[in-house]
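A.B. asks: starting from these lines, generate the structure:
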Amino acid sequence: MRVKPPWTVRLLAVAVLLQGCGGTRGRGQLKYDSATNACRHQPASCAQAAGQEAVLPTAVRTFATAGGSAVAAVKLLDDALRQEVTEALEECANHARTQVILERFGNRSPTPEECREELDDVQGRTVTLAMKLGEEMHRVALRCAAEKLNALRPGGFSIEPTYQYDQGRKKKTWLSAADVDRIRQEGSLGELKGSLVPDVVLHAGHPDQVQAVYDFKFPCVDITIRPRWRDYPSGHPYAGKNQRDMYVEAFRVEVVIQVVPWLGAGL
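C.D. replies: All right, here's what the predicted structure looks like:
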């Protein structure tokens, strides 16, 4: 079994190797969600983020949703290409954690106490440092992913696409970034409740033709065990299920992968 080097060594090594890559939960659970991602599950408490992650600006998300207006000619998603994509996203996850943690903490990871620290974000919400760091790492990772996938699979991927899902009819509907922004501007936030917003979707030329789904997970503290997929809380339309359950059900694909810094890609 391969033994990984200590955290500080890995941190500095990736800082050098990945220079070129451009570009929660409540109290006591300091792990995997950004502030905007948490809002997606409780839209009434933070209306501006309801329904979508919105970590990246609309212009970036629109650019990354290549093939959204017409079916594009894209490469066949064979095992070799999927492995290339997976490795690229692993690099982006490592790069994102390296950049954000180095800037804030130097050659160490934050402590559990620091992760629980509460602060106000730009929208006036009280969030934990874990949530803020998660949002920052998501932003860096998604920009990196957009650049790498545009080289590996132009026309065949989307960053943070939004899907409405009708559980009764088992039907998903892709919403463009412009559609989501229009709904938000009109104040019809109920339309976005329960939306599914994966970090990265690979598709066959249009976001409706989903082939694989990837979600970044950014724990605040350094971990050695892969995190669980987020469970939907009581009162949520998908209560009793977790993210992966819903991705598999809605998109009808088995390639649903989480990407975690240092731990890589896995189920």
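
A.B. asks: quick one: pLDDT of residue 193?
C.D. replies: pLDDT, residue 193: 85.

A.B. asks: oh sorry, the question was meant for residue 130
C.D. replies: Turning to residue 130, the model gives it a pLDDT of 94.

A.B. asks: wait, is it part of a strand?
C.D. replies: No. Residue state for residue 130 (DSSP: H, G, I helix; E, B strand; the rest coil) corresponds to helix; a strand is not indicated.

A.B. asks: which residue comes closest to it once chain neighbours are left out?
C.D. replies: residue 220 (3.7 Å; Cβ to Cβ, 6 or more residues apart in numbering). For the C-beta atoms, the positions are set from N, CA and C on the backbone; glycine is no exception.

A.B. asks: quick one: secondary structure of the one you found?
C.D. replies: Classification of residue 220 using three-state DSSP returns coil.

A.B. asks: buried residues, the helix or strand harbouring residue 90. List them.
C.D. replies: Applying DSSP states H and E as the criterion places residue 90 in helix 79-105. With burial defined by 16 or more other Cβ atoms under 10 Å, the residues of helix 79-105 counted as buried are 81-82, 85-86, 88-101.

A.B. asks: now residue 198: which helix or strand?
C.D. replies: Using DSSP H and E, residue 198 sits within no helix or strand.

A.B. asks: surely it meets residue 216?
C.D. replies: No. Residue 198 lies out of contact with residue 216 (Cβ atoms under 8 Å); the separation is 9.8 Å.

A.B. asks: quick one, what contacts the residue most central in space within the chain?
C.D. replies: Geometric centre of the chain, nearest residue: residue 199, 3.4 Å, by Cα atoms, centre = their mean. By Cβ atoms under 8 Å, 6 or more residues apart in numbering, the contact list for residue 199 reads 53, 138, 141-142, 145, 159-160, 214-216.
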